[in-house]
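Q: here is a sequence together with a model predicted from it:
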Amino acid sequence: LINMGDDVSFASGKKGQEFYLNTLVDRAVILALYDNTVVDANGTVKTLNADEYWHLAGGGVSQHITSTKPVVVHTLGRANTFNDLGTYLGGRSAIRHYYNATGNYNVNLTVFDNAGMSHSRATTAAVDDSNPPVADHGGPYVLNEGNAVNGAWSVTLDASKSTDDFAIYKYEWDFDASNGIQINATGSKVNTTYSAPGVYTVTLRVYDNALQMTQATTTVTVLVNNPPEANAGGPYTFGEEAASYGVWTSSLDGSKSKDDFAIYSYEWIAGKSAYDFAGTVIDGNEWLFSSGVTQNNGLTIVGTGSWGNRYLFSKKDYAREERLTYQARILPQNTSGNQHGMFGFKNNNTDYNYTQMPYAIYFDNGTIRIDENGSNPVSPGSYTRNVQYDIRIVLKDSGVEYYYKQASTTKWTLLYTSSTNSSLLKLGATVHTGTFVISEMSISKSYAGVNPD
């Protein structure tokens, strides 16, 4: 150790890489000169980068210090009045210091020569944040059907024309202010999609290196344009030449359908059996039903608080086949009290409990659940009481798809895809609690595909 007076000393060490501090009473600071310097002090190891320091406690403990690269060690005797780490961050003629806020700061420098003589000089550092950035969101943006694929409108938001007097540090985007300002994406150019028509408020925040922030808003307008016009061709007539072993094979052509932009997909429904429950008498030739089920231009089922007591199911059993589709329009009518009702396919036994339904959409007190043989694998949606909903269950060669939507809308939401398999099936419903009105129910074979063009 070289004594520098006033109890301040530093260790010269072995090429600046090994030091012994004998009975260190007060404190010491190890200052790294180079990045990735590994320092060991009495068996405790730290990695320091250039201008970083390690504050060692005193307490009368001797220290053996080694390092992978040269370091500077400053020790402080208790007589020194500059008892703060800022005093030690020297060791070199130039240092780098970080300020976390604007303002005027006092800076003191003390230099020492080999004779222990010293001299101090004070100055100031003024930290200024200059001008804030200018945010340019690139909007407003208007999207039409030409920007959409399968009900999703895509857009690129571009803030690359934002400016700052020095540099822009970061960009933050919120795509829809209606649910609060959130960070949905970062970057000068970002991509997003919208799933419904409307006018959306987009918020851009731009920061400079002083973390000054400027916020600007714009709009994204999503338009649906005109709906497609379906042309099913036909009418079709097929004679015996189209038959083989009692099965008539037909080709149906919808290629003359048109749209103002493009047709995304076609869906054919053939062999549909539809029930609108007109009149006041339930058809006993078609349906198995319990007491508490009534018909008056719609079917009403009122639950009793127990599963299996209130139900309606088809007498006919349907064999499982690809794209056999159950569809119903449901009104969960009661606005207070509990609501528990399941709609879909049941097996072909005589037990009408919900546990006998391999494929069901479950209306449960505002939550849409999927139920399969009494098991509830997911709860993927919600509903509003006294609002009509359309539900759809599409069987596959293996597995099933569940869909729903509000009856007043056109876009179906895929709720869940399952691998559960069951063979002979009845269509219908069972209700535990509450009042449900079924205005339509159908079973059909559908064919669907994306337009190859």
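A: The structure has been received and is ready for your questions.
Q: mind listing what's buried in stretch 278-293?
A: 287, 289-290, 293 (16 or more other C-beta atoms under 10 Å). The C-beta positions use only the backbone N, C-alpha and C, and glycine is treated the same way.
Q: farthest pair within those?
A: W287 and S290 (10.4 Å; C-beta to C-beta).
Q: overlap in contacts of the two?
A: L312 (C-beta atoms under 8 Å, 6 or more residues apart in numbering).
Q: re the thing from before, pick the one among the buried residues of stretch 278-293 closest to T249.
A: W287 (32.1 Å).
Q: wait, the closest one touches I301, no?
A: No: between W287 and I301 there is no contact under C-beta atoms under 8 Å: 11.7 Å.
Q: which neighbours do these two share?
A: Shared contacts of W287 and I301, counting by C-beta under 8 Å, 6+ apart, come down to L312.
Q: now do the strands in the stretch 101-250 of the chain.
A: According to DSSP state E, counting those that start in this stretch, the stretch 101-250 of the chain carries its strands in the segments 103-112, 118-127, 141-143, 148-149, 152-158, 168-174, 185-186, 189-194, 198-208, 213-222, 243-244, 247-248.
Q: make a markdown table out of those and add mean neighbour count.
A: Formatted as a markdown table, those follow (neighbours: other C-beta atoms under 10 Å):
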| stretch | mean neighbour count |
| --- | --- |
| strand 103-112 | 11 |
| strand 118-127 | 10 |
| strand 141-143 | 17 |
| strand 148-149 | 17 |
| strand 152-158 | 16 |
| strand 168-174 | 19 |
| strand 185-186 | 13 |
| strand 189-194 | 16 |
| strand 198-208 | 19 |
| strand 213-222 | 17 |
| strand 243-244 | 10 |
| strand 247-248 | 9 |
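Q: closest one to A230 among those strands?
A: Among these, strand 148-149 sits nearest to A230 (C-beta to C-beta), with 18.3 Å.
Q: helices or strands next to the closest one in the packing?
A: Applying 3 or more C-beta pairs under 8 Å, 6 or more residues apart in numbering; DSSP states H and E, we find strand 148-149 packed against no helix or strand.
Q: state the mean pLDDT of it.
A: For strand 148-149, the mean pLDDT works out to 88.
Q: quick one: W307 and T433 touch, right?
A: No: look at W307 against T433 with C-beta under 8 Å: they stay out of range, at 9.5 Å.
Q: what's opposite Y402 in the beta bridge?
A: Beta-bridge partners for Y402, by DSSP bridges, are I393, Y416.
Q: got a list of what it touches?
A: Applying C-beta under 8 Å, 6+ apart, the residues near Y402 are 359, 361, 370, 391-393, 414-418.
Q: measure it to M342 for me?
A: 12 Å (C-beta to C-beta, to the nearest Å).
Q: what is in contact with those two at once?
A: With C-beta under 8 Å, 6+ apart as the test, Y402 and M342 both reach I361.
Q: the nearest residue to T68 once chain neighbours are set aside is in what secondary structure piece?
A: Among residues not flanking T68 along the chain, V38 sits closest, at 4.5 Å (C-beta to C-beta, 6 or more residues apart in numbering). Using DSSP states H and E, V38 sits within strand 37-41.
Q: flag the shaky bits of the stretch 251-400 of the chain, pLDDT-wise.
A: Counting by pLDDT under 70, the stretch 251-400 of the chain has low-confidence residues at 270-272.
Q: N191 versus E172, what's the distance?
A: 15 Å.
Q: can you check the pLDDT for R96?
A: 62.
Q: check G13 too.
A: 49.
Q: repeat for the one 10 residues further on
A: Listed pLDDT for T23 reads 63.
Q: what's the answer for G59, then?
A: 62.
Q: ok, the one 4 residues further on next?
A: Model confidence at Q63, expressed as pLDDT, equals 77.
Q: hmm, it is touching G43, no?
A: No: in this structure, Q63 is not within contact of G43 by C-beta under 8 Å, at 10.6 Å.
Q: more neighbours: which of these two?
A: Q63 (21 against 6; other C-beta atoms under 10 Å).
Q: SS state for the more buried one?
A: strand (DSSP: H, G, I helix; E, B strand; the rest coil).
Q: which residue, other than its chain neighbours, is closest to it?
A: L21 (4.1 Å).
Q: tally up the residues packed near the one you found, please.
A: 21.
Q: one more: A32?
A: For A32, using other C-beta under 10 Å, the count is 24.
Q: confidence score at the most centrally placed residue in the chain?
A: Closest residue to the average C-alpha location of the chain: N184 at 9.1 Å, with C-alpha atoms, centre = their mean. Per-residue confidence (pLDDT) for N184: 95.
Q: which ones are touching it?
A: For N184, counting by C-beta under 8 Å, 6+ apart, the contacting residues are 173-175, 192.
Q: and S154, by the same measure?
A: So S154 contacts 143, 147-148, 191-193 (C-beta under 8 Å, 6+ apart).
Q: how about those residues in CSV, adding distance to S379?
A: Putting those into CSV (distance: C-beta to C-beta, whole Å) gives the following:
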residue, distance to S379
L143, 32
N147, 33
A148, 29
N191, 30
T192, 27
T193, 25
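Q: which one of those is nearest to L204?
A: T192 (12.5 Å).
Q: surely the closest one and A152 touch.
A: No: applying C-beta under 8 Å, one finds T192 not in contact with A152, separated by 10.1 Å.
Q: does the residue nearest to Q63 lie in a helix or a strand, and which?
A: strand 18-24.
Q: can I get the strands of the stretch 101-250 of the chain in a markdown table with distance to G279?
A: Formatted as a markdown table, those follow (distance: least, C-beta to C-beta, whole Å):
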| stretch | distance to G279 |
| --- | --- |
| strand 103-112 | 83 |
| strand 118-127 | 83 |
| strand 141-143 | 47 |
| strand 148-149 | 42 |
| strand 152-158 | 42 |
| strand 168-174 | 53 |
| strand 185-186 | 56 |
| strand 189-194 | 44 |
| strand 198-208 | 41 |
| strand 213-222 | 43 |
| strand 243-244 | 37 |
| strand 247-248 | 33 |
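Q: these: lowest mean pLDDT?
A: strand 247-248 (a mean of 76).
Q: only alpha carbons, please: show the helix or strand following it as PDB.
A: If you walk from strand 247-248 toward the C-terminus, the next helix or strand you reach (DSSP H and E) is strand 265-275. This file holds the C-alpha atoms of strand 265-275, laid out as PDB (Å, rounded to 0.1, in the frame of the first residue of the first chain):
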ATOM      1  CA  SER A 265     -65.000 -19.800 -49.100                       C
ATOM      2  CA  TYR A 266     -68.100 -21.800 -50.100                       C
ATOM      3  CA  GLU A 267     -70.300 -23.800 -47.800                       C
ATOM      4  CA  TRP A 268     -72.900 -26.200 -49.100                       C
ATOM      5  CA  ILE A 269     -75.700 -27.700 -47.000                       C
ATOM      6  CA  ALA A 270     -77.400 -30.700 -48.500                       C
ATOM      7  CA  GLY A 271     -80.100 -33.000 -47.100                       C
ATOM      8  CA  LYS A 272     -81.100 -30.500 -44.400                       C
ATOM      9  CA  SER A 273     -83.800 -31.300 -41.800                       C
ATOM     10  CA  ALA A 274     -85.000 -28.100 -40.200                       C
ATOM     11  CA  TYR A 275     -87.500 -27.500 -37.400                       C
END
